[in-house]
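Undergrad: All I have is the shape, not the residue letters:
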């Protein structure tokens, strides 16, 4: 049964989730000399950027956050979102999430209202899926700037 589920997961990643996995594979190739590890069914790569991102079954994290379990669980939740949404993951999750994290107006809004980054629908949903899939606690309402 485990073998069948593994084969189905690989087929899903190579079809329904192909666009984000191509992007993730290209990103992993760029950071090929950085540290890599496995978490659940995802490939985790350290990179030199401040934030984290997930592209299909590829997760990219700052080397200082690489072993922070709640953050890994959260990012794995994005991997699950990718499997659920397929190619829609890019416009429905990635684009709004990047804007929520990067846009100065969003950053000011979060600071002013003392809102956790993880309160946004893309992040809250990733926390939910990550906790369900991993049976561990994710970032919940941790405050990041």
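TA: Ah, there it is. This one's a predicted model, so the numbers in the text were calculated from it and none came from an experiment.
Undergrad: any chance you could map the helices in the chain?
TA: For the chain, applying DSSP state H gives helices covering 2-14, 18-30, 69-85, 89, 95-102, 104-113, 121-134.
Undergrad: which other helices and strands contact the fifth one?
TA: If I follow you right, that is helix 95-102. Contacting helix 95-102 under the criterion 3 or more CB pairs under 8 Å, 6 or more residues apart in numbering; DSSP states H and E are the following elements: helix 121-134. C-beta: built from backbone N, CA, C; applies to glycine.
Undergrad: Quick check: buried residues in the helix it packs on?
TA: 122, 123, 124, 125, 126, 127, 129, 130, 131, 133, 134 (16 or more other CB atoms under 10 Å).
Undergrad: Ok, stretch 137-145 next?
TA: So stretch 137-145, judged by 16+ other CB under 10 Å, has buried residues 138, 139.
Undergrad: That stretch: how far from the chain's middle?
TA: 14 Å (CA atoms, centre = their mean, to the nearest Å).
Undergrad: Report the mean confidence score over that stretch.
TA: What stretch 137-145 shows for mean pLDDT is 81.
Undergrad: can you offset everything so residue one is 48?
TA: Will do, 48 is the new start, and the previous item becomes stretch 184-192.
Undergrad: what residues does that stretch touch?
TA: 116-118, 120-121, 124, 154, 157-158, 161, 163-166, 170, 173-174, 177-178 (CB atoms under 8 Å, 6 or more residues apart in numbering).
Undergrad: go on, stretch 59-70?
TA: Counting by CB under 8 Å, 6+ apart, 102, 103, 104, 105, 129, 130, 133, 134, 136, 137, 141 sit against stretch 59-70.
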